[in-house]
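**Student:** Next comes the sequence, and after it the predicted model I'd like to discuss.
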Amino acid sequence: MQAVVTVESNIRETARVAQVRGLFDLVPEKTSRLEWSVTLPLDEKPWTIGLITGPSGCGKSTIARHFWPQQSQWAHHWSDSDTILDGFPAGLSIKDITAVLSSVGFSSPPAWLRPYRVLSTGQQFRVTLARLLAETLVAPEKALIVYDEYTSVVDRTVAQIGSAALARTLRQHSIPFVAVTCHDDVIDWLQPDWIYLPAEKRFQWRCLQRRPEIVLDLVRCQASAWPLFAPHHYLNTALARSAVCFLASWGSKPVVFSAWLPFVGAGPPTRREHRTVTLPDYQGVGLGNTVSAAIASMWRGLGFRAISTTTHPAMIRSRLRSPLWRMHRRPSLAAGRESRLKKLKHATTRLTAGFEYIGPALPRGQARALLGS
């Protein structure tokens, strides 16, 4: 792909124009002209993610509109009153919609029932990504996505975590994507296959690398940490009094909360996952599942079985792929088990799947330290 991209506009002579010409000794031209000679050798090798980046005014958007005019004009009007779920294409099932929302790290069902206008800026960013991805589900022949002003209006943590979640989804489904942005802090998280720098007239292919590490500090905590996370859980916000609670932080910022309970029923000593919630800004890169597995490893190190029951589609999919968990009960209703689970009145109207942690046990000394922290 090679082209000379030109933007030209007439200059109407006015008193102010004449004043500026005199002040700054500008040549009295009748037109203003900008020109870029661009070479994008995208047919040299397969690619999934591209990035056009550079300072404002260097021609990023103009170049993207020249090479991908239709994709660059995409826009969607969200209803002021309907939930975001109803803003997705009519041909998609609710399973498809929730899957694409979860894939970009927007995994908070309570927020799915809100109109777009009341979402936070970070949530709107992720919903927009999900809506773009949904277009490729209903029209695979229009799979290329071009996103101008990518991450320009969101917090940089949201931009980076959201980029990592998006990149994983794009590569899983081989959906070509071009991001256009002045923010180069997303490069390590988005991991583009190529970058074009208009200000330097430079194109470069890149090798896929690992995203930056996220190091969490996991400690035992009090139930008083729960209210920060409660609004984002897909069930009710109640927390059992007997819950043993843990908090994971990234630097000084709380990220994941997880609570566990003694298991109700016969069998070997067991602990059951009760509530695990990742704050919205950090969803999409598996932090909740990582924390859940770490605590399950602690319980196993202390001689307990660790089990988990979930109805969240994203968590079920993740655990089915994970070697750390084994599904011991396929998605089903709890009604058939009421006789022995009389104290568990939930899950009689929704499908839940049961999993047991089968991964490595945390060394006993470390497990005791975590539980006692």
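**Tutor:** Thanks, I have it.

**Student:** Quick one: mean pLDDT for stretch 65-83?
**Tutor:** For stretch 65-83, mean pLDDT rounds to 88.

**Student:** any idea how far that stretch is from the chain center?
**Tutor:** Chain-centre distance of stretch 65-83: 20 Å, with CA atoms, centre = their mean, to the nearest Å.

**Student:** Check stretch 50-63 too.
**Tutor:** Using CA atoms, centre = their mean, the offset of stretch 50-63 from its chain centre is 24 Å.

**Student:** Dump it to PDB, keeping only the CA atoms.
**Tutor:** What follows is stretch 50-63, C-alpha atoms only, in PDB (Å, rounded to 0.1, in the frame of the first residue of the first chain):
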ATOM      1  CA  GLY A  50      -1.500  -2.400  13.500                       C
ATOM      2  CA  LEU A  51      -0.800   1.000  15.100                       C
ATOM      3  CA  ILE A  52      -0.500   4.500  13.600                       C
ATOM      4  CA  THR A  53       0.900   6.800  16.300                       C
ATOM      5  CA  GLY A  54       2.600  10.100  16.700                       C
ATOM      6  CA  PRO A  55       2.000  13.700  17.900                       C
ATOM      7  CA  SER A  56      -1.100  15.700  17.100                       C
ATOM      8  CA  GLY A  57      -1.000  17.200  13.700                       C
ATOM      9  CA  CYS A  58       1.300  14.600  12.100                       C
ATOM     10  CA  GLY A  59      -1.300  13.200   9.800                       C
ATOM     11  CA  LYS A  60      -2.400  10.000  11.600                       C
ATOM     12  CA  SER A  61      -6.200  10.400  11.100                       C
ATOM     13  CA  THR A  62      -5.800  11.700   7.500                       C
ATOM     14  CA  ILE A  63      -3.700   8.700   6.500                       C
END
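
**Student:** which other residues reach it?
**Tutor:** Contacting residues not belonging to stretch 50-63 are listed as 5, 7, 34, 36, 38, 42, 64, 72, 148-149, 176-184, 186-187, 190, 192-200 [CB atoms under 8 Å, 6 or more residues apart in numbering]. Yep, even glycine has a C-beta here, placed from its N, CA and C like the rest.

**Student:** which of the residues you listed are buried?
**Tutor:** By neighbour count, with 16 or more other CB atoms under 10 Å, the contacts of stretch 50-63 hold 5, 36, 38, 42, 64, 72, 148, 176-183, 186-187, 190, 192-198 as buried.

**Student:** Of those, which belong to helices?
**Tutor:** The members of the buried ones among the contacts of stretch 50-63 that map onto helices under DSSP state H are 64, 72, 187, 190.

**Student:** Save these as TSV, and put in distance to residue 312 too.
**Tutor:** Converted to TSV, these look like this (distance: CB to CB, whole Å):
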residue	distance to residue 312
64	36
72	35
187	31
190	26
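
**Student:** Quick one, grab the pLDDT at the residue nearest the centre of the chain.
**Tutor:** For the chain, residue 105 is the residue whose C-alpha lies nearest the centre (CA atoms, centre = their mean; 2.7 Å). What the model reports as pLDDT for residue 105 is 83.

**Student:** Which parts of the chain are strands?
**Tutor:** Taking DSSP state E as the test, the strands found in the chain are 2-10, 31-39, 49-53, 145-147, 177-181, 194-197, 202-205, 217-221, 244-250, 253-262, 270-278, 305-310, 325-332, 352-357.

**Student:** which residues of the stretch 151-300 of the chain score low on pLDDT?
**Tutor:** Low-confidence segments of the stretch 151-300 of the chain (pLDDT under 70): 235-236, 264-266.

**Student:** and residue 261, what does it touch?
**Tutor:** 240, 242, 243, 244, 271, 272, 274.

**Student:** Could you pick out the buried ones from the residues you listed?
**Tutor:** For those, a burial check counting by 16+ other CB under 10 Å picks out 243, 244, 271, 272, 274.

**Student:** The first one touches residue 257, doesn't it?
**Tutor:** The one in question is residue 243. No. Using CB atoms under 8 Å, residue 243 is not in contact with residue 257, being 10.3 Å away.
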